[in-house]
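Visitor: Predicted structure and sequence below. I'll ask about it afterward.
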Amino acid sequence: MKAPPRLLPLLLPVPAASSRLFETTTRGRCAFLLLCLFLFVSLSIFLSLSPNQLLLRSFDYSPAAAAPTVVAARPNLSAFPSNSAVRESTGHLNKSSVPEAREDLESVSILFPDWEVVVIGPAGISGEEEESGFLCVYPNKATSPARFSGNLRATNQSIFTCWMPEKCRRRLQSPVLVRRKSPAEGGKARKTTKSLLRWTFLAYESLSTESDVVLFVKGVNNKQGVNRPAHELKCVFGNPDDSAVKTTAVTSSEQEVFRCGHPDLTGYGQNVTVGVRVTLELPDGVRVPSVAHYSPWRRSSVVVGEAKLQICAATMVYNAAKFLKEWVIYHSGIGVEKFFLYDNGSDDGLGIVVGELNREGYRVETVPWIWAKTQEAGFSHAAVYARESCDWMMYIDVDEFLFSPRWSSAAQPSDRMLKSLIPRKKSAGRVVGQVTIRCNEFGPSGRVTHPPDGVTQGYDCRRKLDNRHKSIVLLEAIDDSLLNAVHHFRLRGGGGGEQVGMGAAVVNHYKYQAWSEFRAKFRRRVSAYVVDWRRAVNPASKDRAPGLGFEPVKPGDWERRFCEVRDDRLKSLVRRWYGGLTAEGGGGYRMAWQR
């Protein structure tokens, strides 16, 4: 049978040149199809990744290269208490929620762990204005409420915190800080061109002394005990739009604290009283992004003509309002003359409680300290900041109470009690610059909720063995590096410390409280070098709760844990000093901080 005419061309011999052309075309088509398949698979994998996974693959942090680091993945927050929870408000992810009448404010934004964004806005804004409403507006028009968190001490710039909506986490763009306005007022909208700064690599605070500048920088000295040599670094002074900058040599590099000389700003052409940007320059010429401002040193007007206070106390707080009165009233009674609270972004009415205490005659100063995981740096800052007004500084937390068993028979507290633990400046021919006191750790003591009469009354069962210590430090004896391990400081050459026996003094650390309080610790650890509770690292560390995992899951026997010794010495003492029978009778007590 003859083949149909339409098939004849296929049966004819193909010339060699045509065959080679056919093979080349075929190979080209195959390569093209394989490329399309590869792109399709790659795109599918890309789209299947979560924003957290994309972020982990995007950033390979190296301090020398000045690249941003990995941002912590958002944790499971459902088990957090309401006062510490990080929850995304889905009601603010709608594009229509952007107000038409608004004022866009000049600001710079920093990405913190757990998708928190810290926004530094204009000076002059106070908490009283918050009722008017502030928002973080992202480039895709998603919004998040902006909460006022205080003002920077050096520049009076306002601090806000907001959350980055999940839809904004791929491109990591900076939001615009917006203040709602009435339609009659109108407002001007702007699109930000500023990059979103990374908290993991940032100069964040500066403090001037009479002789030098103290600069606080995250992301340069990342490992405890491993520091870049000071001679490799420079302090750089000048705002981003300045053509000329000034540099000075770094004289000390320890942890997140760097010291350098004052710049010569003669003829700088700027009113330096409002602050000049200061940062750190690395050996490869890279300058660390900065929100820190330099201001020349001026003697504090508060201490001019006043005698120094003998003993002050410094601590870092987050949502500690309900603990504060008990802690301040008790320690003031035994001799603490002033309290410095480094506020790590509290939103529980801490300022209201501080105001009440000051009106009652106590001296309490709040230092806005929004910076995450910077307890060592905060304590170094306090050592410099308070040196003009205080001789000794006691560094303890708001869940820690210092007492001496020798006070058990005292009918009333006395401001001489704490002073009796402080040695003279010279002892046996040497300067004693630090007193360390051991800690007893108390457990839940059967409590399921926070005791309304205070932690000293609610928790009376502890572990048998002491753990850790806290210190009272002579500020002028602290080494220029300001190096500390939270519990104690490095002292200048020739200075020494003394450890007080537990029969003379002890710190009651109410560490393992009712579960509703303890689980708040899973939010974030404050030390730069202590692993967060949720990270599965160092399970045997003394900074962890024995027998507790990495998630805020309540053990069934939590109320009975850490109870080896019944110890009600401080409980009885505090009740005698500060308790009074209730009007209802029946033997009930009401403490001074409950009034």
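Guide: The structure has been received and is ready for your questions.

Visitor: Could you work out the end-to-end span of stretch 357-376 for me?
Guide: 27 Å (C-alpha to C-alpha, to the nearest Å).

Visitor: how far is that stretch from where the chain is centred?
Guide: Centroid separation between stretch 357-376 and its chain, computed with C-alpha atoms, centre = their mean, to the nearest Å, is 13 Å.

Visitor: and the residue nearest the centre of the chain, helix, strand or coil?
Guide: Centroid check for the chain by C-alpha atoms, centre = their mean gives residue 372 as the closest residue, at 2.1 Å. Under DSSP: H, G, I helix; E, B strand; the rest coil, the three-state class of residue 372 is coil.

Visitor: how close does it get to residue 219?
Guide: Look at residue 372 and residue 219: by C-beta to C-beta, to the nearest Å, they are 12 Å apart. Using the backbone N, CA and C atoms, a C-beta is placed for each residue, glycine as well.

Visitor: Do a quick rundown of the strands in the stretch 251-400 of the chain.
Guide: 257-260, 276-281, 293-294, 309-317, 338-343, 364-368, 390-395, 400-403 (DSSP state E, counting those that start in this stretch).

Visitor: Remind me what the fourth one packs against, helices and strands.
Guide: Looking back up the chat, that one is strand 309-317. strand 338-343, helix 375-385, strand 390-395, helix 416-419 (3 or more C-beta pairs under 8 Å, 6 or more residues apart in numbering; DSSP states H and E).

Visitor: can you check the first one too?
Guide: In terms of contacts (3+ C-beta pairs under 8 Å, 6+ apart), strand 257-260 is packed against strand 213-218, strand 234-237, strand 246-254.

Visitor: what does the shortest one contact?
Guide: Right, strand 234-237. 213, 215, 245-250, 258, 260-261, 263, 265, 276-281, 287, 294 (C-beta atoms under 8 Å, 6 or more residues apart in numbering).

Visitor: Can you read off the backbone torsions of residue 519?
Guide: Backbone torsions for residue 519, taken as degrees, to the nearest 10, come to phi -70, psi -20.

Visitor: Next one: it relative to residue 223, how far apart?
Guide: According to C-beta to C-beta, residue 519 and residue 223 sit 29 Å apart.

Visitor: Counting neighbours, go ahead and name the busier of those two.
Guide: residue 519 (21 against 8; other C-beta atoms under 10 Å).

Visitor: Give me the neighbour count for the residue nearest to the more buried one when sequence neighbours are not counted.
Guide: In space, not counting the residues next to it along the chain, residue 519 is nearest to residue 552; the distance is 4.3 Å by C-beta to C-beta, 6 or more residues apart in numbering. Using other C-beta under 10 Å, the number of residues around residue 552 comes to 22.

Visitor: thinking residue 588 is in contact with residue 579, fair?
Guide: No: applying C-beta atoms under 8 Å as the test, residue 588 and residue 579 come out as separate, 9.7 Å apart.

Visitor: Those two: who's more crowded?
Guide: Neighbour tally, residue 588 and residue 579, criterion other C-beta under 10 Å: the higher count belongs to residue 579, 19 against 12.

Visitor: With just CA atoms, put the helix or strand residue 104 falls within into PDB.
Guide: Per DSSP states H and E, residue 104 falls inside strand 102-105. Provided in PDB are the C-alpha atoms of strand 102-105 (Å, rounded to 0.1, in the frame of the first residue of the first chain):
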ATOM      1  CA  ARG A 102      -3.400  61.600  59.800                       C
ATOM      2  CA  GLU A 103       0.000  63.100  60.400                       C
ATOM      3  CA  ASP A 104       3.100  61.100  59.400                       C
ATOM      4  CA  LEU A 105       5.900  61.700  61.900                       C
END
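
Visitor: As a check, name the ranges of all helices in this protein.
Guide: Along the chain, counting by DSSP state H, helices occupy 8-11, 16-48, 51-58, 321-334, 350-359, 375-385, 416-419, 455-458, 515-518, 569-578.

Visitor: which non-adjacent residue is nearest residue 440?
Guide: residue 462 (5.0 Å).

Visitor: What's the separation between the one you found and residue 472?
Guide: Residue 462 is 22 Å from residue 472, by C-beta to C-beta.

Visitor: Settle it for me: which of the two has more neighbours?
Guide: Neighbours were counted for residue 462 and for residue 472 using other C-beta under 10 Å; residue 472 has more, 27 against 24.

Visitor: Report the beta-bridge partners for that one.
Guide: Beta-bridge pairing for residue 472 (DSSP bridges): residue 394, residue 435.
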